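S.K.: A predicted structure for the sequence below; I have some questions about it.
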Amino acid sequence: MTSKPRIRVLTGITTTGTPHLGNYVGAIRPTVQASRDSQTDGFYFLADYHALIKCDEPARIQRSTLEIAASWIASGLDPEKVTFYRQSDIPEIPELTWFLTCVTGKGVLNRAHAYKAAVDKNNAAGHDPDSDVSAGLFMYPVLMGADILMFKAHKVPVGRDQIQHIEMARDMASSFNHLYGEHFVLPEAVVEESVALLPGLDGRKMSKSYDNTIPLFAPAAQMRKQIAGIVTDSKAPGEPKTTEGSALFQIYQAFANVEETAAMAQAYADGIAWGDAKQMLFERIDREIAPMREQYQALINNPAQMDKILLAGADKARQLATPFMREVRHAVGLRALSSGTATPAAKEAKIAGPSFKQYREKDGQFYFKLVDAQGLLILQSKGFASPKEAGQTIARLQTDGIASLSDLNKVLVSLTPDQILTLDRALEYLSNSTKNS
Ligand code: TRP
């Protein structure tokens, strides 16, 4: 049997703002929780190259990096257990970005949501379509692809708006693998459906762009004051209140357990005064946040300590990135002139081991096959309606090995025991060549 490779989970946070309660409930808290799972290896980083796309204030980038890093550590992320680093401390990332740029269709990037939204806005205003659009915004998905593919992440927890970028990263990985052999793992987006979308002060989703946020680690007095500013209806004390559509109630629920939430619902029904409900909300949040606030302040007051933690993380990350880039450079032909042949070899010869191939047939369906180094067929899939489904099945095979076969029977052409053995060896080979990066 194939030994099960550990699952790598990776996500990045753009360093342009101050973390607020919405970030905490929607991203920081669940991610810190998930990072404690002993079956996974977590990679969490501060996406400061991405920050440059939308922010040209150096002091703000620096301050935000410190605040976000301190927030994650204070919220319980253990930098000993995970790899926690700053994107710009990894020079291999922009290097990989270029390799991926060269296998990404320009047309694909034309369709990226962030770029398209900017163009649509310009068109609507009667401006030149690319007016005020930097090439950085256009290239955003490629940089993000490099973040992900560099560390062979299997799972990438993101918000809905980012799913398209993960799909683009998959495409970059398949294109590169197709051209140069199996070097990249195809990542999968993970969208956590169950985490609360926190409303902000005005009842809309809490977001910096609506200017309705409550900073996560504001001093207690400031937090109390902001909570007092959450919009409510004008029902008087004693009048029963409805929990439905109440931002105050939803925020409370994101921090409280089931009993506390039921008690608050009862208090609403009994006509609690808004002022009292706000006091309860403040106390409940503060109970969770106050112990972390101290560590947060200590880190903010000692940025040198934060630098040290991040540089240690970058060191750990580069132990993977540096040799991997050596492999990738070699794969594309940027290598010592004395190494190997200088005459173009047949394409097959570039591929040292078995590899997956994805393709479309005349029937319009999407297929994949696994072939060995000589091009002999090891495994043939049945047809899939979309390339995504085919890709997900490949990902399953790569992470779970032949253990996934019982579920995959329906989508694979059935195998004899001999073929299963060959398949097992091929998957083992692929998982080893992935691991030794
Ligand atoms: N673009 C992401 C965001 O705005 C941040 C990010 C950068 C990211 N690189 C990443 C997220 C890699 C996941 C993986 O939310």
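M.R.: Structure's in. What do you need?

S.K.: Neighbours of Ile402, how many?
M.R.: Number of residues near Ile402 (other CB atoms under 10 Å) recorded here: 19. Glycine gets a C-beta too; all of them are placed from N, C-alpha and C.

S.K.: what does Thr18 give?
M.R.: By other CB under 10 Å, neighbour count at Thr18 equals 17.

S.K.: quick check, it in a helix?
M.R.: No. With DSSP: H, G, I helix; E, B strand; the rest coil as the criterion, Thr18 is located in coil rather than a helix.

S.K.: so Gly391 touches Ala169, yeah?
M.R.: No. Gly391 lies out of contact with Ala169 (CB atoms under 8 Å); the separation is 11.2 Å.

S.K.: So, low pLDDT: which residues of the stretch 101-250 of the chain?
M.R.: The stretch 101-250 of the chain contains residues with pLDDT under 70 at 196.

S.K.: measure the closest residue to the ligand within the stretch 1-150 of the chain to Ala118 for me?
M.R.: Residue of the stretch 1-150 of the chain nearest the ligand, by CB to the nearest ligand atom: Gly12 (3.1 Å). As judged by CB to CB, to the nearest Å, Gly12 and Ala118 stand 21 Å apart.

S.K.: And for Ala189?
M.R.: As judged by CB to CB, Ala189 and Ala118 stand 22 Å apart.

S.K.: what residues does this protein put near the ligand?
M.R.: Within the chain, the positions adjacent to the ligand are Leu10, Thr11, Gly12, Thr14, Ala47, His50, Met144, Asp147, Ile148, Val156, Val158, Gln162 by CB under 6 Å from any ligand atom.

S.K.: Can you add neighbour count and give those residues back as JSON lines?
M.R.: Shown next, in JSON lines, are the residues of the chain next to the ligand (neighbours: other CB atoms under 10 Å):
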{"residue": "Leu10", "neighbour count": "23"}
{"residue": "Thr11", "neighbour count": "21"}
{"residue": "Gly12", "neighbour count": "22"}
{"residue": "Thr14", "neighbour count": "19"}
{"residue": "Ala47", "neighbour count": "23"}
{"residue": "His50", "neighbour count": "20"}
{"residue": "Met144", "neighbour count": "25"}
{"residue": "Asp147", "neighbour count": "26"}
{"residue": "Ile148", "neighbour count": "29"}
{"residue": "Val156", "neighbour count": "24"}
{"residue": "Val158", "neighbour count": "20"}
{"residue": "Gln162", "neighbour count": "19"}
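
S.K.: Sort out which of the residues you listed are in helices and list them.
M.R.: Using DSSP state H, the subset of the residues of the chain next to the ligand located in helices is His50, Met144, Asp147, Ile148.

S.K.: What sits closest to the residue located most distally from the centre of the chain if chain neighbours are left out?
M.R.: Centroid-distance maximum for the chain: Gly238 at 46.3 Å, with CA atoms, centre = their mean. Leaving aside its sequence neighbours, Gly238 sits nearest to Gly271 (CB to CB, 6 or more residues apart in numbering; 4.4 Å).

S.K.: and that neighbour, that's in a strand?
M.R.: No. Counting by three-state DSSP, Gly271 falls outside a strand, being coil.

S.K.: Surely it and Thr242 touch.
M.R.: No. Using CB under 8 Å, Gly271 and Thr242 do not qualify as a contacting pair, with a distance of 11.3 Å.

S.K.: how near is Ile289 to the ligand?
M.R.: Distance, Ile289 to the ligand, by CB to the nearest ligand atom, to the nearest Å: 23 Å.

S.K.: Share the number of residues neighbouring that residue, please.
M.R.: 20.

S.K.: List the first helix or strand encountered after whichever strand or helix holds Ala59 toward the C-terminus.
M.R.: Using DSSP states H and E, Ala59 falls within helix 58-74. Using DSSP H and E, the helix or strand that directly follows helix 58-74 along the chain is strand 83-86.

S.K.: avg pLDDT for that next one?
M.R.: Averaged across strand 83-86, the pLDDT comes to 98.

S.K.: Just checking the distance from stretch 164-180 to the centre of its chain.
M.R.: Distance, stretch centre to chain centre, for stretch 164-180: 16 Å (CA atoms, centre = their mean, to the nearest Å).

S.K.: repeat for stretch 185-205
M.R.: 12 Å.

S.K.: re the thing from before, out of the residues of the chain next to the ligand, who's nearest Ile28?
M.R.: Of all the residues of the chain next to the ligand, Ile28 sits closest to Thr11, with 10.7 Å by CB to CB.

S.K.: List the residues that contact that closest one.
M.R.: Thr11 makes contact with Thr31, Phe43, Tyr44, Phe45, Val156, Pro157, Val158 under the criterion CB atoms under 8 Å, 6 or more residues apart in numbering.
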